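Asks: based on what follows, work out the 3D shape:
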Amino acid sequence: MTTACDEKHTEMKPISNCRREVEVAMVEMLVGLQKRGWSAAELALELADASEDLVMLIATKKLRPH
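Replies: Below you'll find the predicted structure:
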């Protein structure tokens, strides 16, 4: 579940199928990277930075499909 809040109420929304699949793939990737010696904190920061970069790229121009 995800939440959306405003000043008057909090709304609970189910996580989309896409989000669910992204989370599964992300956990699998992170487990593999931790086995290679990276700490959870390092991985979380790098993942956040990479995600922000992708959001900014999408916001400034359209990605070409393969």
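Asks: who's in contact with Ala41?
Replies: Contact partners of Ala41, counting by C-beta atoms under 8 Å, 6 or more residues apart in numbering, are absent. Placement of C-beta: from N, CA and C, glycine included.
Asks: quick check: the gap between it and Ala48.
Replies: Using C-beta to C-beta, to the nearest Å, Ala41 is found at 11 Å from Ala48.
Asks: distance between the longest helix that the chain contains and the chain's centre?
Replies: Counting residues, the longest helix found in the chain (DSSP state H) is helix 40-60. Helix 40-60 sits 8 Å away from the centroid of its parent chain (C-alpha atoms, centre = their mean, to the nearest Å).
Asks: buried residues, that helix. List them.
Replies: Neighbour-count burial for helix 40-60, with 16 or more other C-beta atoms under 10 Å as criterion, is recorded at Leu43.
Asks: tell me the pLDDT of the residue in the chain sticking out farthest from the centre.
Replies: Centroid-distance maximum for the chain: Lys8 at 27.3 Å, with C-alpha atoms, centre = their mean. Here the pLDDT value assigned to Lys8 is 70.
Asks: now do Val27
Replies: 93.
Asks: name the helix or strand for it, please.
Replies: For Val27, the host element (DSSP states H and E) is helix 17-35.
Asks: can you report how many residues neighbour His9?
Replies: 7 (other C-beta atoms under 10 Å).
Asks: ok, now how distant is it from Ser16?
Replies: 21 Å.
Asks: quick one: low-confidence parts of the protein?
Replies: Under the criterion pLDDT under 70, the flagged ranges of the chain are 1-7, 10, 12, 62-66.
Asks: what residue lies at the spatial centre of it?
Replies: Ser51 (6.5 Å).
Asks: give the contact list for it.
Replies: Counting by C-beta under 8 Å, 6+ apart, Ser51 has no contacts.
Asks: offset the numbering so it begins at 21, please.
Replies: Got it, the first residue is 21 from now on, which makes the last one we talked about Ser71.
Asks: do you know how far it is from Lys28?
Replies: Ser71 is 30 Å from Lys28, by C-beta to C-beta.
Asks: ditto for Met46
Replies: In terms of C-beta to C-beta, Met46 sits 33 Å off from Lys28.
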